[in-house]
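1. Attaching a predicted model along with its sequence, questions to come.
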Amino acid sequence: MRTVQKLKVEYGDFQTPIELADQVCKKLVELGVKPDIIIEPTCGIGNFVEAASSCFESAKKILGIELNLDYFRQIIEEEKFLHDQRIEIKCEDFFQVDWLSLIGESNEEILVLGNLPWVTNSQQGSIGGINLPKKSNFQNHTGLDAITGKSNFDISEWMLIQFVKYLQKHNSYLAVLCKTSVSRKILNYIYCEKLNLAYCAVYKIDSKKYFDAAVEACLFFCKFDSNSQKYYCDVFDSLESSVRSRIGYSNNILVRDLITFKKVEDLYNKQSKTKWRSGIKHDCASVMEFRKNNDYFINGLGESYELEETYIFPLVKGSSVAQNKTKTTDRYILVTQSLVGESTESIKYLAPRTWAYLEKHESLLNSRKSKIYQNSPRFSIFGVGSYTFAPWKIAICGLYKKLSFRLIGQINEKPAIFDDTVYFLSFLDEESAYESYQLLNSSLAKDFYSSLIFWDEKRPIKSSILNSLNLAALAKLVL
């Protein structure tokens, strides 16, 4: 049976307080929005419909759609909108509504308004949720990106993309509350598809105050017409603020700080020879990671084993990299391969106790959900190669909101291994590593990366951004 709390998670149910709905609608009036038709595609208990009714007196029709039968009944029983004949509330499933026909070829100005679900497809998968669009790789990811983390998406992202497509060629508006990261994904979609966009703005909101949610959120506003292609976005710190910054595109990438980036854009090189790698991915910490007690390795299940050290290496977690605790470690990791796809059968002969340990825990390793392990050798890992075993590395944790590079050597005469929250460069000698370390800590490098990184994201530091810096060009300016 699906509990109330589970349903709230499944539907990303954050009801908008009437106070915030009123503020949003007043901001739209201030921006000159005068719609003929207003559509609220996930109207909940109707607060946005109520705010729109009072703020947009010239609107001819206000349509609210809501799937939750309890919310729909509440609206009907309370007779909230009987006073306004323009309002129509329907109990329908967003994913079943024929939005294209509903919006149609109307020449009237349309405003899509509201607060879409704040939930990802993976969150729904974890609770067996069914409130999903028909499965498709709409982000056009390829290879591993299509079957690992990058194929995860916010349900609101899919919804917004549909409306962006429906509202093309109309004089229309989109004004929705969503995660700030989602707003950038939609701007990127519009840019990549070369769709029409007359204006775009983001107004940050206090999600903790209004929704008790620890997430960066905003009012995402778009104005569409029949010919404009203005691919930038003004960013305001609040609905009341008039001070703005502007994100936009340079070298076909979305830049957080265009002014700073223009000063250092000669350092940008999408084909840079620098190759930042991510740490090892194994998805089974209870089996693959250990602490050591004398000659025994203790796994995450609390089991103690005397294993050969042939395939066991010192592990430095992302949190330790961020906190600069990299000289020593009390964590260890079992590295079953030296490169992706390599047969693991040699472990049976070179380290029989380790092989027996893996076979004993085979059911746990086989239950790993990611598709990357399917049709791979037994006990496979990912994110491993010759670079993994280099004696010197420069590392940074992708989860922390700070550019903190660490120079890391061997630990107990073995190469340090990182988890998959860490990105690193590998070096065969200390001198080369130290030279690159100095470059990465220069003010030019920090300005370059800071202009590209959106710090409000869950994993703000990405390998694609790290790899875009031309270290050779930087060296000519710094050294």
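-> Great, that's in hand. Keep in mind it's a predicted model, so treat the numbers as computed, not measured.
2. Can you list the low-confidence ranges for the stretch 151-300 of the chain?
-> By pLDDT under 70, the low-scoring segments of the stretch 151-300 of the chain are 151-153.
3. Where do the helices of the stretch 151-300 of the chain begin and end?
-> 155-166, 180-192, 207-211, 258-264, 285-288 (DSSP state H, counting those that start in this stretch).
4. Looking at those, which is nearest to Gln323?
-> The closest of the helices of the stretch 151-300 of the chain to Gln323 is helix 285-288. By CB to CB, the value is 19.2 Å. C-betas here are computed from N, CA, C, even on glycine.
5. Which residues does the closest one contact?
-> Contact partners of helix 285-288, identified using CB atoms under 8 Å, 6 or more residues apart in numbering, comprise His282, Asn299, Gly300, Leu301, Ile333, Leu334, Leu358, His361, Leu364, Leu365, Ile381.
6. And these, which two are furthest apart?
-> Most distant of the contacts of helix 285-288, by CB to CB, are Leu301 and Ile381, 18.5 Å apart.
7. more crowded one of these two?
-> Set side by side, Leu301 and Ile381 show more neighbours around Ile381, with 26 against 10, by other CB atoms under 10 Å.
8. buried set for the helix or strand Gln438 falls within?
-> Using DSSP states H and E, Gln438 sits in helix 430-440. By neighbour count with 16 or more other CB atoms under 10 Å, helix 430-440 contains the buried residues Ala433, Ser436, Tyr437, Leu439, Leu440.
9. Can you tell me which of those is nearest Ala217?
-> Comparing the buried residues of helix 430-440 against Ala217 with CB to CB picks out Leu440 as the nearest, at 32.2 Å.
10. OK, contacts around the closest one?
-> Counted by CB under 8 Å, 6+ apart, Leu440 has contacts Ile394, Phe405, Leu471.
11. which ones among these are found in strands?
-> In this view, the contacts of Leu440 that belong to strands under DSSP state E are Ile394.
12. now the contacts of Leu440 in JSON lines, with distance to Tyr71?
-> Conversion of the contacts of Leu440 to JSON lines gives the following (distance: CB to CB, whole Å):
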{"residue": "Ile394", "distance to Tyr71": "52"}
{"residue": "Phe405", "distance to Tyr71": "49"}
{"residue": "Leu471", "distance to Tyr71": "55"}
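13. Mind putting the contacts of Leu440 into JSON lines with distance to Asp266 and neighbour count?
-> Below are the contacts of Leu440 laid out as JSON lines (distance: CB to CB, whole Å; neighbours: other CB atoms under 10 Å):
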{"residue": "Ile394", "distance to Asp266": "22", "neighbour count": "21"}
{"residue": "Phe405", "distance to Asp266": "21", "neighbour count": "22"}
{"residue": "Leu471", "distance to Asp266": "13", "neighbour count": "18"}
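14. ok, so of the contacts of Leu440, who is nearest Ala198?
-> Nearest to Ala198 out of the contacts of Leu440 is Leu471 (CB to CB; 39.9 Å).
15. ok, and the closest non-adjacent residue to the closest one?
-> In space, Leu471 comes closest to Thr274 once its chain neighbours are excluded; the distance is 5.2 Å by CB to CB, 6 or more residues apart in numbering.
16. Pull up the gap between that neighbour and Arg256, please.
-> 21 Å (CB to CB, to the nearest Å).
17. More neighbours: those two, which one.
-> Just comparing Thr274 and Arg256: by other CB under 10 Å the higher neighbour count belongs to Arg256, 20 against 15.
18. pretty sure that one is touching Asp447, no?
-> No - using CB atoms under 8 Å, Arg256 is not in contact with Asp447; the gap is 11.7 Å.
19. Tell me which stretches of the stretch 151-300 of the chain form strands.
-> For the stretch 151-300 of the chain, the strands defined by DSSP state E, counting those that start in this stretch occupy 172-179, 199-205, 217-224, 232-236, 244-250, 253-255, 277-278, 289-293, 296-299.
20. Check which helices and strands the helix or strand following the last one is in contact with.
-> Right, strand 296-299. Later in the chain than strand 296-299, the nearest helix or strand by DSSP H and E is strand 304-305. Contacting strand 304-305 under the criterion 3 or more CB pairs under 8 Å, 6 or more residues apart in numbering; DSSP states H and E are the following elements: strand 296-299.
21. about what we covered before: quick check, nearest of the contacts of Leu440 to Asn269?
-> Using CB to CB, those come closest to Asn269 at Leu471, 9.2 Å.
22. follow-up on the earlier one: alpha carbons only: can I get the helix holding Gln438 in CSV?
-> Only the C-alpha atoms of helix 430-440 are listed here, as CSV (Å, rounded to 0.1, in the frame of the first residue of the first chain):
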residue,chain,number,x,y,z
GLU,A,430,56.5,14.6,-8.1
GLU,A,431,58.1,17.4,-10.1
SER,A,432,55.5,17.4,-12.9
ALA,A,433,52.7,17.0,-10.3
TYR,A,434,53.9,19.9,-8.3
GLU,A,435,54.2,22.2,-11.4
SER,A,436,50.6,21.4,-12.4
TYR,A,437,49.5,21.9,-8.8
GLN,A,438,50.9,25.4,-8.7
LEU,A,439,49.2,26.2,-12.0
LEU,A,440,45.8,25.0,-10.7
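23. Between the contacts of Leu440, which sits nearest Asn324?
-> For the contacts of Leu440, the nearest to Asn324 is Phe405 (10.2 Å; CB to CB).
24. per-residue confidence for the closest one?
-> With respect to pLDDT, Phe405 scores 98.
25. Equivalent analysis for the one 10 residues further on, please.
-> Per-residue confidence (pLDDT) for Pro415: 98.
26. State the number of residues packed around it.
-> The burial count assigned to Pro415 is 19, neighbours taken as other CB under 10 Å.
27. Might one say that Phe220 is in contact with Tyr173?
-> No - Phe220 is not in contact with Tyr173 according to CB under 8 Å; the separation is 11.0 Å.
28. quick revisit: out of the contacts of Leu440, which one sits closest to Asp419?
-> Relative to Asp419, the closest of those is Ile394; by CB to CB it sits at 16.3 Å.
29. give the contact list for the residue nearest to the closest one when sequence neighbours are not counted.
-> Leaving aside its sequence neighbours, Ile394 sits nearest to Leu425 (CB to CB, 6+ apart; 4.6 Å). With contacts taken as CB under 8 Å, 6+ apart, Leu425 has the following neighbours: Thr274, Lys275, Trp276, Arg277, Lys393, Ile394, Ala433, Ser436.
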